[in-house]
Structures are given as C-alpha cells and as structure tokens.
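1. how would this look folded up:
(2 chains)
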Amino acid sequence: MNGPVERARHRRGRTPLPAIAAAATALGLAASLAVAANAVGNARDRATGNDARMAAALWELPGAGAQAVAQFLGNRVAIQAAEAGGRGPGEYGYEAGALDPVVWIAIDPEPASPSWPAGATVPALLAVLLMAAWATRRRHHPPPPRYPATTSILTAALLALVAVAAARWADLELEDLSAAHVSHALDAASIASATGATPATAARVAGLPWATATALDRPDQLWTMPREVARAITALPPDLRAAGAYTIQANGATYHAAHATLPTASGAAPPPTTLHLAFLGYQETAAPTIPLAATTTATILALNLILFLLPLSARPRTLRRTLAAWSFLAPAATLLLLFTFGPLLFSLWISLHEWHLVDPAHPFTGLDNYRDILLDATWWSAIRNTAVFTLHVPAAMAVALALALLTQGSRRAIRWARLALFLPGITSVVAIAVVWKWLLNDGYGVVNQALARVGIGPVAWLTSPDTALPSLMLISVWMVVGYQMVVFQAGLAAIPRDWYDAARVDGAGPLQRFRHITLPGLRHTLFFVLVTSVIGSFQVFGLVYVMTEGGPLGATDVAVYHIYREAWEFLRFGNAAAMSWILFAVVFAATWLHFRLLEGRRDERRAYA
Amino acid sequence: MRSAARTALLALACAAMAGPFLWMAATSLMGQLEVFSPGRILPASPLWSNYPEALTSQPFARYFLNSLVFAVAVVAGQVATATAAGYAFARLRFPGRDRIFMVFLATMMVPVVVVLIPRFLMIDAVGWIDSYQGLISTELVSVWGIFLMRQYFRTLPRDLEDAARVDGAGHWRIFWSVALPLAKPAVATLGLFAFVDAWKNLLWPLLVTRSMEMRVVEVGIAAFHSTYEINWPYQMAAGVVAVLPIALLFLFTQRYFVRGIQLEGIR
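-> This next block holds a predicted model:
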C-alpha cells in the first residue's frame, strides 16, 4: 500500500477538482468585486469631472468668476493660474481657457464612502486560496469517491451572494452620486442665474438637458436624455415636477432628476422658466456583475457535475448504487432543500434588507439591520433572559439523574413512575402553561394558598419582574425532567453491573462509586442531554406566549418571543431575520463549545488508554 | 428501610409531577366562583356541565379535527421520508454518504425561528396561508426521524438482505419487503413522536392559520385562554380535553416512547 508505485498512482489518479473549483471561485469573486469597484470608481471620477466642468463654466460666466466658483464648491476648490504649476498628479481639474488668464480649477474628488468591495478583495482572495490549499492538502489515504459539488456548491453560493451584494453596493453608491450631482447642478444653475444669466445660459453652466415649460410637451426636444427617460419625465404630473428633486424609474434604472423654476435676470420677463435637470442612473455600470456571477456559478456547477459523473460512469456498479441511494434520499433531500436549506439562505437575504410584510419594496440596506439590533437594548435583554432561562437545564439534569438513580434496578418502580414523570414533557404546552398560570395565581392560586398556611406571604410568581423568569425556569424543569430521566435510565442500564460489584469489593462507598463509575459511564449520555436541552431551551416560546407575554416589564422577553413579535406584530421581517441569525450564531457557538469540550476530554482519555 | 425511603422519595416526585394535572381536573369541575374560595381542594359537587359549555363556546370539535388531520399527515410524511432516507444512510453505499448525513444532522442545530419567516413567505407566495397544505407541507421531514431509522436499520442483521439479494431483489424490493417489516417498532416510535410533536406544535400553526376554522387545538386553547381570562373552570376543562388524548396515547404506547429515547441516547 505504501510502495512508491502506489503512491504515484494515487497522486496521478487524484483529480485536482477542489483546486479547479477554488481557482474558478477566486477568479469569479475577484472579477465581480473588481467590476463593481470599477463602476463606482468611474462614476466618482465622472461626478468630480462634472463638478469641475460646472465650476469652469461658472468661472467663464461674465459677472460671476472666482466668487461664484467659491460659492459653488466651498473649500473643495483650488484655483490657480495654469502657467503657475497647475495640474498636480491625480488632481481633477478643468481648464477655463476661453477667458484670460487661463486658469486651472482643481477639485478634491468626491468624498469616498467606505468601499468594502475593493477593500474585501484581498481578504476574499486570501480566504479562497487558503480553502484551495486546504482542499488540495496531501492526504495519507487516497480520498474515497465523493461529490466535488458539495464543497463547490457552497463556494458557488458564497460567490453569488458576494457578487450580488457587490452589485447592490455599487447601485447604492451610484445612486448617492447621482443624487449629489443633481443637487450640485441645481446649485450651479441657481448661482449662475443669480448673477444675471439667462435660463438657457444657466442650464448650459449646469451642463444639463433643459427645456422650457412649453417644450415639455415635446419629448424629442429633451435631446440629451434617453428617450425613455424624457417620456417618463413628461408623463409626470405637474405638481410632482414642481416639487424639486425626485426620482423616476425608466430603462430599468433609477434616475435622479430635479425641476427648478429659475428667477429671470431682471425679475420682469414672464413666463418663469422651468429648468429640467436629469442625470443618468446607474444601470449601465453595475448590472453586468449579476450576469457575470450567475455565469461563473453555473460554470462551476456544470464543471463539477461533469467531473463527478465522468469517473463514475466508468464504474457502472457504483453509478447504479448511487442512483438507487438517491432515489431513497430524494424525498427527504428535496424537502430539506426546499424548507430548510433554501429558507436559511433566504432568511440571510431578508436580513440584509428593510423588509416589511405589507410593503412590496424591499430596499437593500446591507448590515444596517444588524447594527440596529446590536445597539438595541431590548434585544440584548431578550438574549440575557434566554441565557438565564437556559440555566434551568443543569438543574433539571441533576433532578433527572437523581430520579434515574432512585428507580435504578427496580423495574416496577420505573414503569409506574414513568407515566407521571413523563406526561408533562409530551403533552400540550399551552394547556400546561394555562394550568401553571392558575396554580401560580397571586391571590387564589393553590401554591400561594399553601404557602399562606405555613405563614409565607403571597409570592408574586408571574407578576413581579424579579420572580417571573425563575418561575418559568421552575416550570420548565418540571416539564423536561421526565424525558431526561428516561434517557439517564437507558444510560445507566448500559453500565456493566460487574463494575459496581468490583468497586464494592474494593470497599468503595456509594459516593465513590457514583463519582468513579456512574459519572464516567454516563458521560456521553450527559453530553447528549445537555446539548439537546440547551438547544431546546434557547427556543422556548409557548410558555412565554401564554403565561407572561414577555412581561412583566420585559423580564421574560426571550429571544424567540422577541423575534416573533418583531416579525408578526411589528411586521419588521428584515430585523426579525437578522435577529434569528444572531440567535443561530449563539446556538451554534454554544453547541460548538460543547463539542470542543467533549473532544478535549476524549483525547485525554485516549492518552490514558 | 432504604427501600422505603426510596419509595417515599419517588412517590413525592410523582405527586409533584402529577399534582398540576390533578388540580386541573379538580378545578375543571368547580363553579366559577367556587374556585376563588380559599381552602377549596375538591369541588363541592362536580359541575360536569362545565365541559359541554366550555367546549361549545368555541368550535373545539373543529380544532380537534384540524389537529388530527395535521398530526396524521405529518406522521405519514415523516415516516415515509425518514424510513427511506434512514435506510439509504444505513444500508447503501454511495459517494459522500457520511458527509451528507452530517449535513442533514447539522440542521438539528438550526433554531426553527430562523427558517420560519422564509417558510411563511414561501407559503404565502403560493397562496397556502390558512390551509391544510400550508400547515402540513413544511413539516413532512424530520431529521431526528432519519437519524432514528438509520440507527435502527444498522442493528438489523445483514443476512436477510443478502438472501433476498441472491434471489435477485432490487434495493426498493428489499427495503419494502425485508427491512421495513423488521423495523416496525422503530416506525411506531417515530410515528408516535411525530404525532405528539405535531400535536403540541404552537408556533407554526399560529403563524400560518388565520380563520377559526383552520385553528389547531394548541392555538385554540391559547385563544380560549385570552378570551376567558378569569373563567378558570372553563379553561381547565379545555385543558383536560387537550391533555387527555396524549395521556391515553402514552399510557398504551409508553414502551415505544422509551425505546425511541433509548435508541437516540445511546450511540
């Protein structure tokens, strides 16, 4: 097996699929990020250039000059004689050369917002390279036949997500630039007209397509605009046009536009002139990212499928067996894909949007939902309540273990105790909640009446913020203890009786036997119960929904109930989805921690063996 | 002596566990004002009329029918999907089997609330809100069930299958006429747990049903509770009726419940 020939054969026989997939993913990621970043960069250059051009036009306007330029651009501008050095490297500028002297108007570029696609390129590439290195690392054994698709479906999905997010980011950036440009153009036009320019000149200074009020009825006169946009503008109701800046949807993009009624120079000549400003949207720049991502993803998947089926078709028996197995798996796999894996990604998608149930528009907001939630004190209090609630798990396990030990070895006791102990765990949660609400009633509940008999004053079990959560924890212990006991009984039955007998012969007392035989023997059972119970207790809902509705004063507002209200009472689906992902992360971290702890112990035991 | 102490402790625990149920039954037979008189433990004279009055004040018969339809459909779906998938994972060899199984298992870690919103939107998109198919369709597969069936199929001896294979039976034939009949106890366990879980499912039916006609028992009792806030005997009567079917079911089938727990607990 370890001869050089075999080893060489393994090396040759191994398809470098993961490497190919990783490389394709890296290329796709880099390409989509670069396209998005490039589109935004170009638009930003163009916007600064436009500002410079407007400033130059203002400079050239008789009666305007440096003062108007300063008013237009504030401290973003530096005017200097073109001969005196001008044009520094990387400066945006415009030569206003029609008048003497020729000057160079240098403008600071549009302030850049934090641009994560460009910034993320390096870490993303690094991550993909690491993944590739991991996937192609040397194995000691030849890898079994496997689905190259399983890893690359995930990377492809990641790629698609990143690419779409990058495209959306570019859209948002371009929208900002577009809106900023419209307002700059309005400024330039009104500054120009304030210095006495005619509307036509003012429009030329602003560098904008324009028309008088009468020309509005003839879209073909709005010649600088795409025809569709011009039509959309003329189709707007007049009162909306009078409202200044607005956006219109045309050509599958958003356009920012504005109307301004400029004062005529002397204030005398009617009619007031309406200036139509519009600036092109972003559709021609960012859109290619999405088809690109889709093509890359499809290529990766197709490549994988081919590379998986090719070697398999050479082995008809394996192929037949695989197809048979998938015919068994198909129903479950389809349902899981449709109702678990799909929704997982979908909810991640929702969490990146402002998503209201009743509002058909779902604007992309990036990580805003997460930021809002992380700053929201009520959410943190819900998480804290959930964590405190989870502390009932160890208490319940202790009681359950004690009960399991009590019934150990006596079959009849087990059977009789089981019915009473088990019922709370399997029966209607709502019914249980209602009963306990009655039992713990402040004035008439049987618990407070019994306590009054022994001289303890009425306890506000569910109506005081201090006791409400502990009360729910107590009820929860009562509910889960029977189930846990049965699991422990099974675990105890699996420990050989001989060990106890041997320990007794050696003179070990009951406590020592418990410490050195029972607990180690139950380790896996304890772990299993702990993990499943903690996962379950993070999802508590029914008790809270019926008994306290999160109150009093939010003392029992647990995570799932909080999410439920966020989504179905306030209809903020985007926020709720983000919250549920945070909860998922918490559950995942808790489970992972448990597994790590167990793994550590197992290694330790192996060292002793 | 020690045995007596043990029995006493156990009896105490059982009393603590059963107490709330007994109290529920006692209150359900009291008069509306009788429950507020201090020191009252048993009803002066059992007021059986509470039951018909409480159960007709809302369409409880319909709630029960809905719960039954929901639970039975979920049982059928989960048994079908879990036995097939469990068999494939336990008995068939195919590339990536263990990894796919791990991916399936990992979904047990996902809190239901994460997928709830997308599921709701999907069901809404196909217009299934407030219908049986909307209620049922998302619940037809249980990863826990797949795990259970896999564990059980692995314990079956291979000889029988081999004999069938020699006779020329295909995988589906072996599954249907050899493995599945042998797995009846595990199927019973899976079915019972699926039934009970569906019966006590509150959150999903709460979201996906709107009209009274589509409510299940859990949602119905929760709504009943908020309507008859201070009429404790009525509420307790409704509670007894909700608990009773599950209690009876458990009484006659408890060994399957226990077997299921033991199968999942020991790996």
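2. ok, and for the helix or strand containing B:Leu55, which residues are buried?
-> Assigned by DSSP states H and E, B:Leu55 belongs to helix B:50-57. For helix B:50-57, the neighbour count (16 or more other Cβ atoms under 10 Å in any protein chain shown) marks B:50-51, B:54-55 as buried. (Each C-beta comes from the backbone N, C-alpha and C, glycine too.)
3. what is the nearest of those residues to chain A?
-> Closest approach between these and chain A, by Cβ to the nearest Cβ: B:Ala54, at 12.1 Å.
4. so how far is B:Ala25 from that closest one?
-> Counting by Cβ to Cβ, to the nearest Å, the separation of B:Ala54 from B:Ala25 is 13 Å.
5. tell me which parts of the stretch 151-267 of chain B are close to chain A?
-> Within reach of chain A by Cβ under 8 Å from any Cβ of the partner chain, the stretch 151-267 of chain B has these residues: B:170-172, B:175, B:196, B:199-200, B:202-203, B:207, B:217-218, B:221-222, B:225, B:232, B:235-236, B:238-239, B:242-243, B:246-247, B:250-251, B:254, B:257-258, B:261-262, B:264-267.
6. quick one, which of those residues are buried?
-> Buried among these (16+ other Cβ under 10 Å): B:171, B:175, B:196, B:199-200, B:202-203, B:207, B:217-218, B:221-222, B:225, B:232, B:235-236, B:238-239, B:242-243, B:246-247, B:250, B:254, B:257-258, B:261-262, B:264-265.
7. what's stretch A:339-351 in contact with?
-> For stretch A:339-351, contacts defined as Cβ atoms under 8 Å, 6 or more residues apart in numbering or on different chains pick out A:157, A:161, A:362, A:369-370, A:573-574, A:577-578, A:580-581, B:107, B:110, B:114-115, B:117-119, B:121-122, B:137-138, B:141.
8. just give me the residue right at the centre of chain B.
-> B:Val196 (1.4 Å; Cα atoms, centre = their mean).
9. tell me if that one really is in a helix.
-> Yes - applying DSSP: H, G, I helix; E, B strand; the rest coil, one finds B:Val196 inside a helix.
10. report the contact partners of it.
-> Per Cβ under 8 Å, 6+ apart, neighbours of B:Val196: A:426, B:246, B:249.
11. hmm, try it at 10 Å
-> With contact set as Cβ atoms under 10 Å, 6 or more residues apart in numbering or on different chains, B:Val196 has these partners: A:425-428, B:71, B:75, B:245-246, B:249-250, B:257.
12. likewise A:Val446?
-> Residues near A:Val446 by Cβ under 10 Å, 6+ apart: A:438-440, B:19-20, B:23, B:26-27, B:35, B:39-41.
13. now do B:Tyr51
-> The neighbourhood of B:Tyr51, defined by Cβ under 10 Å, 6+ apart, consists of B:28-29, B:233-234, B:237-238, B:240-241.
14. quick check, pLDDT for it.
-> The per-residue pLDDT reported for B:Tyr51 equals 84.
15. and the furthest pair within the contacts of A:Val446?
-> Checking the contacts of A:Val446 against each other with Cβ to Cβ, the farthest-apart pair comes out as B:Pro20 and B:Gly39, at 18.6 Å.
16. which one's more surrounded, those two?
-> B:Pro20 (22 against 8; other Cβ atoms under 10 Å in any protein chain shown).
17. look up how far chain A lies from that one.
-> 5 Å (Cβ to the nearest Cβ, to the nearest Å).
18. ok, now which ones touch that residue?
-> Applying Cβ under 10 Å, 6+ apart, the residues contacting B:Pro20 are A:423-424, A:431-432, A:435-436, A:438-439, A:446-447, A:475, A:478, B:239.
19. where does it land on pLDDT?
-> Listed pLDDT for B:Pro20 reads 87.
20. ok so, going back, which among the contacts of B:Pro20 count as buried?
-> Of all the contacts of B:Pro20 considered here, the ones buried according to neighbour count by 16+ other Cβ under 10 Å are A:423-424, A:431-432, A:435-436, A:438-439, A:446-447, A:475, A:478, B:239.
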